[in-house]
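> pasting the structure only:
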């Protein structure tokens, strides 16, 4: 089954403790991205990657890192989480980064709480 | 810079009645427009998109959307709402040119009452 898989689905952590949210897709998509969803703000893009070893900042990159060492994986890293990073996070992928008319496929989301 | 506005945070409709979820956009040049739906505890699912051609686009689950260039709108519609349509709906836009990411609206919560 074609899918985008995020882990974990739920995570509660403490301020300053490094964490990684994994994202993997099995559709051989070039384009992957991370969003955070907050009430009243919709989805805001954190980082995106057009292909292996190519990443770029989205609208809200502060406090996050990403890497794209393999085509299928695009982990989101919070080196020192803070409470304002409490949010619902989505990973998305789509084929051919230069096809603006292609819809994105989303993971099921990771609900992160930083206390 | 492109943007999307969904003017209603919440839309309530009775089951069997037609529904409309509004979306207006701002983008340089011609747009690609999308609607996504998010059910509770799920990721976003693609509903439909407008690329070019016919202004009325048909999508999944009986939904359709009408592209209106003069009003820069892309409202989502369904002739007869179901309780199972209750969810959060997001409109998104991307311009034809460039490799820019999707820009999402803030979402509209649709509640269909039996």
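Great, that's in hand. Quick caveat: nothing in here was measured; it's all calculated off a predicted structure.
> quick one, phi/psi of residue B:62?
Dihedral pair for residue B:62: phi 80, psi 0, per degrees, to the nearest 10.
> would you confirm that it contacts residue B:81?
No. In this structure residue B:62 lies outside contact range of residue B:81 using Cβ atoms under 8 Å: 9.5 Å. All C-beta atoms are positioned from the backbone trio N, CA, C, and that covers glycine.
> okay, those two: which has more neighbours?
Using other Cβ atoms under 10 Å in any protein chain shown, the more surrounded residue of residue B:62 and residue B:81 is residue B:81, with 21 against 13.
> please verify my assumption that that one contacts residue B:18.
Yes. At 7.1 Å, residue B:81 and residue B:18 qualify as touching, with contact defined as Cβ under 8 Å.
> contact partners for residue A:32?
Residues counted as contacts of residue A:32 (Cβ atoms under 8 Å, 6 or more residues apart in numbering or on different chains) are A:23, A:25, A:48-49, A:68, A:74, A:91-93.
> check residue B:27 too.
B:2-3, B:93-95.
> any of the contacts of residue A:32 buried? List them.
Among the contacts of residue A:32, those scoring as buried are A:23, A:25, A:48-49, A:68, A:74, A:91-93 (criterion: 16 or more other Cβ atoms under 10 Å in any protein chain shown).
> so which of these reach chain B?
Among the buried ones among the contacts of residue A:32, the ones lying near chain B by Cβ under 8 Å from any Cβ of the partner chain are A:48, A:92.
> now distance to residue B:10 too, for the contacts of residue A:32, in TSV please.
Formatted as TSV, the contacts of residue A:32 follow (distance: Cβ to Cβ, whole Å):
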residue	distance to residue B:10
A:23	31
A:25	33
A:48	30
A:49	35
A:68	38
A:74	33
A:91	27
A:92	25
A:93	30
